[in-house]
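> Whatever this is, show me its structure:
(chains A, B and C)
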Amino acid sequence: MNLAATTPILIVGAGATISLSMGLLPWRFAQRHGPTIVALVGLLAAAVMSLVFWGDRIEAFDGSLHIDRFSMLLNLIFITAAIAVILLSIREPGAVDRRGEYASLILFSTAGMMLVGAAGDLIVLFVGIELLSVALYVLAALEVWRERSLESGLKYLIVGAVGSSILLYGFALLYGATGTTRLGEIAEALSGSTLTGEPLVFGAVVLIVAGLGFKASAAPFHMWTPDVYEGAPTPITAFMSTATKAAALAAFLRVFTGGLVEIEADWDLIIGVVAAAAIIVGNIAALVQDNMKRLLAYSSVAQAGYLLIGVAAGSIQGAEATLYYLLAYLVMTLAAFAIVIIREREVIDGDTVGALAGYARRRPVHGAVLTLAMLSLAGFPPLSGFLGKFLLFGSAVEADMIWLAVIGAIGSIISLGYYLRVLGVAWFGDRPQSAAEQGLESPRLAGLVTVASGLAIVALAVAASPVLDACRSAAESLLGA
Amino acid sequence: MPAAVAGVGWLCPMELNDYLPILVFLVAGGVIAGALLTLGLLGPRRPSAVKETPYESGILGATPVRQRFSIDFYMTAMLFIVFDIELAFLYPIAVTLRDDGMLGLIVLLVFVFTVVEALVYVWKKGALEWR
Amino acid sequence: MSGVPLFWYLMLSFGLFGLGLVGVMRRRNPLLMLLAVELMLNSANIALVGFARQWNNTDGQIFALVVMAVAAAEVVIGLGLVVAVFRQRLALNVDEMSSLKG
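Modelled structure (predicted):
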């Protein structure tokens, strides 16, 4: 056993507790900047440690944590999202009001996600999912003076708790069917059995798909998504739609591609149907949204569907495609949300599509990044979003699920309707003279995040082959390599 | 199993024999409760306004019946739930601490430190002040 | 001790889970919805402990213990949010929360 390999998780956890106490210190400087600095330093250190331990699987704590390439790649995704969100929320009222709590809750949530990524045991997986969710419930409601924020937090809590209970019941049935909570032992116990012959396992699979579906906001478990995304503080919305989705997908991959791989032929259809439903529902509902946060919420439902295609394929190839698309999705979504955040500070109705009218003409650099993000989300070649979708659809075809690839392709065509509409408004729209300006200073580093995300979108496409190699070896490590 | 109890074993399936005392308890409770209810029905009923008024120990109530709790009460109750459940983890640790050795002790200390830090945070934030 | 067969544990657990699920869907008061969710989590605990006895190992019992702590954290966050809502003097009724249309 090698405890050293768990340092990324330990650093983030320790950073969370330290930044919480920093907010209590009597000195003004420590109170104002301490938590943010500690959080950023901790996250960077954890990222470095994740790169240091990039290698063969190390089993810590008696096999309940699997420190492998898969978990390290996901660590980098979570940490990138957390750093971007902390930078984006520097002037956010909720963050200014409670600096210590804000940074600390983001770190706790990140630690939960890292636990999910490294889970080798159902108990760890459940605790990780709960840690990330509980911190997010509070973050969504952190602007306690704003009715919508509170409402969003409470809704998220209740729906999230229902999702967790359903997931937990699925885990309980899986434990009942196999007699162990270790994913590796579950895989051994299930070898040679079929889903139809085991009512307990069938129930477990259905409940786990539903429970994780709530967390990944895949249809038909997505009802909460637009409300919660709209009500929560925008940087937190960005965090939810990038990091939480990655964590939910990581849980899907760990449980299904890693643990239940022996009975893959029986569950691929269940996940395939959920993926198809998410793609159809998300893309169609997004067409009629006038609020950017709601539009991106429905878009994220559809993206969850694309990501699940790789899980439904049930192969290493599918897992690799999902991981690559997670990376691409992370930077595309961060870019889109960064621009919404900047706009929110400038004008009062900043989170509407109309607020972007003519914005790209006035700020061409941001306009270019928005264009890249939207085209990549829609899947235009040669951007990273296209490459990711291409790999996902390819893995579906490989797994004899051509219908799923067809639905995905149709969904992408529908999605052009709203992604291109945003671009049309941003480049060619005109904002009415009467529109109220708010004139608040935008977060100093939001521009930096925007440009960095734009560059990352391009970089993921240009340097696709080393990234894909990393994704492939991460996917292979799911099965113990 | 005593012969007297075995004599009524036909009342329930064999594997439920262990629960016979509970059945006896339920039957006895039901008989007493039933007797009280029947007596109430059989006896004369002469209600009057004085009999209907609520009272405490024979005198009229001095305070309003529905009191509103201070919001601090909920705060304290919530903090109690969390710390109470956290400390419940010490029991399983205590059972295996000897076998776990040094690592077990370190894990235990980290755990206790985290709980204490949460307490310090709550304290400094003033959530324990009773206003 | 012969004890109650696993089947009855599972029946009890299914029943409570169903009750909780119906409760969370039919009730509109956040406090009662939290209660219903708690019922669902604890029904899973019963199933876990029942299975743990069947398999004669402690994994399920440890899981149940962890779930209790998680459930406590969740319910406390819920109560905290309800108190915050109460302080804002909002309507304590999910249907009356209509500024975000579901």
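> quick one: average confidence on stretch A:153-160?
Averaged across stretch A:153-160, pLDDT comes to 91.
> So what touches it?
With contact meaning CB atoms under 8 Å, 6 or more residues apart in numbering or on different chains, stretch A:153-160 is reached by A:133, A:136-142, A:214-215, A:223-224, A:227-228, A:231-232, C:24, C:30, C:33-34, C:37, C:74, C:77-78, C:81-82, C:85, C:94, C:97, C:100. C-beta coordinates here come from the backbone N, C-alpha and C atoms, glycine included.
> Can I get it in PDB? Just the C-alpha atoms.
The C-alpha trace of stretch A:153-160 is given here as PDB (Å, rounded to 0.1, in the frame of the first residue of the first chain):
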ATOM      1  CA  GLY A 153     -30.100  25.500  -3.500                       C
ATOM      2  CA  LEU A 154     -33.100  24.000  -1.900                       C
ATOM      3  CA  LYS A 155     -34.400  22.400  -5.200                       C
ATOM      4  CA  TYR A 156     -30.900  21.100  -5.900                       C
ATOM      5  CA  LEU A 157     -30.700  19.600  -2.400                       C
ATOM      6  CA  ILE A 158     -34.100  17.800  -2.600                       C
ATOM      7  CA  VAL A 159     -33.600  16.500  -6.200                       C
ATOM      8  CA  GLY A 160     -30.000  15.600  -5.500                       C
END
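> picking up where we left off before, and the contacts of stretch A:153-160, which of them are in strands?
Of the contacts of stretch A:153-160, none are assigned to strands by DSSP state E.
> Just the residues you listed: which are in helices?
Those of the contacts of stretch A:153-160 mapping onto helices are A:133, A:136-140, A:214-215, A:227-228, A:231, C:24, C:30, C:33-34, C:37, C:74, C:77-78, C:81-82, C:85, per DSSP state H.
> Now the buried members of these.
Among the ones in helices among the contacts of stretch A:153-160, those buried by neighbour count (16 or more other CB atoms under 10 Å in any protein chain shown) are A:133, A:136-140, A:214-215, A:227-228, A:231, C:24, C:30, C:33-34, C:37, C:74, C:77-78, C:81-82, C:85.
> Do you know the pLDDT at residue A:75?
So, for residue A:75, pLDDT stands at 92.
> what's it sitting at in phi/psi?
As for residue A:75, its main-chain torsions (degrees, to the nearest 10) stand at phi -50, psi -50.
> so what's residue B:112 up against?
Counted by CB under 8 Å, 6+ apart, residue B:112 has zero contacts.
> Flag every buried residue along the strand or helix carrying it.
Taking DSSP states H and E as the definition, one finds residue B:112 inside helix B:90-124. The neighbour-count check on helix B:90-124 (16+ other CB under 10 Å) flags B:108, B:115, B:118, B:121 as buried.
> show me where the chain has strands.
Defaulting to chain A. Going by DSSP E, chain A shows strands at A:58-60, A:65-67.
> My question was about chain B, not that one.
Ranges of strands within chain B are B:55-56, B:59-60, based on DSSP E.
> before we move on, the earlier item: which one among the buried residues of helix B:90-124 gets closest to chain A?
Using CB to the nearest CB, residue B:121 comes nearest to chain A of the buried residues of helix B:90-124, at 6.0 Å.
> Would you mind measuring from the residue positioned nearest the centre of chain B to chain A?
Against the mean C-alpha coordinate of chain B, by CA atoms, centre = their mean, the closest residue is residue B:81 at 13.3 Å. Distance of residue B:81 to chain A, given as CB to the nearest CB, to the nearest Å: 14 Å.
> number of nearby residues for the closest residue to that residue other than its chain neighbours?
For residue B:81, ignoring the flanking residues on the chain, the nearest one in space by CB to CB, 6 or more residues apart in numbering or on different chains is residue C:72 at 5.2 Å. Neighbour count for residue C:72, taken as other CB atoms under 10 Å in any protein chain shown: 20.
> Now do the contacts for residue C:72.
Residue C:72 neighbours (CB under 8 Å, 6+ apart): B:81-82, B:84-85.
> same thing with residue C:27?
C:33, C:36.
> With mean pLDDT, mean neighbour count and distance to chain B added, can I get the strands of chain A in a markdown table?
Output for the strands of chain A, formatted as a markdown table (pLDDT from 0 to 100; neighbours: other CB atoms under 10 Å in any protein chain shown; distance: least, CB to the nearest CB, whole Å):
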| stretch | mean pLDDT | mean neighbour count | distance to chain B |
| --- | --- | --- | --- |
| strand A:58-60 | 81 | 18 | 11 |
| strand A:65-67 | 87 | 26 | 13 |
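> Go through those and name the closest to residue A:321.
Comparing the strands of chain A against residue A:321 with CB to CB, the closest turns out to be strand A:65-67 (21.1 Å).
> which stretch among the strands of chain A comes nearest chain C?
The nearest among the strands of chain A, by CB to the nearest CB, is strand A:65-67 at 14.8 Å.
> Distance from the chain centre to that closest one, please.
20 Å (CA atoms, centre = their mean, to the nearest Å).
> now swap in stretch A:182-196 and tell me
On CA atoms, centre = their mean, the centre of stretch A:182-196 falls 28 Å from that of its chain.
> So residue A:477 sits against residue A:57, correct?
Yes. Residue A:477 lies in contact with residue A:57 (CB atoms under 8 Å); the separation is 5.9 Å.
> Neighbour count for those two, which is higher?
residue A:477 (23 against 17).
> measure that one to chain C for me?
From residue A:477 to chain C the distance is 24 Å (CB to the nearest CB).
> That residue: what's it in contact with?
A:56-57, A:68-70.
> Out of those, which is nearest to chain B?
residue A:57 (20.6 Å).
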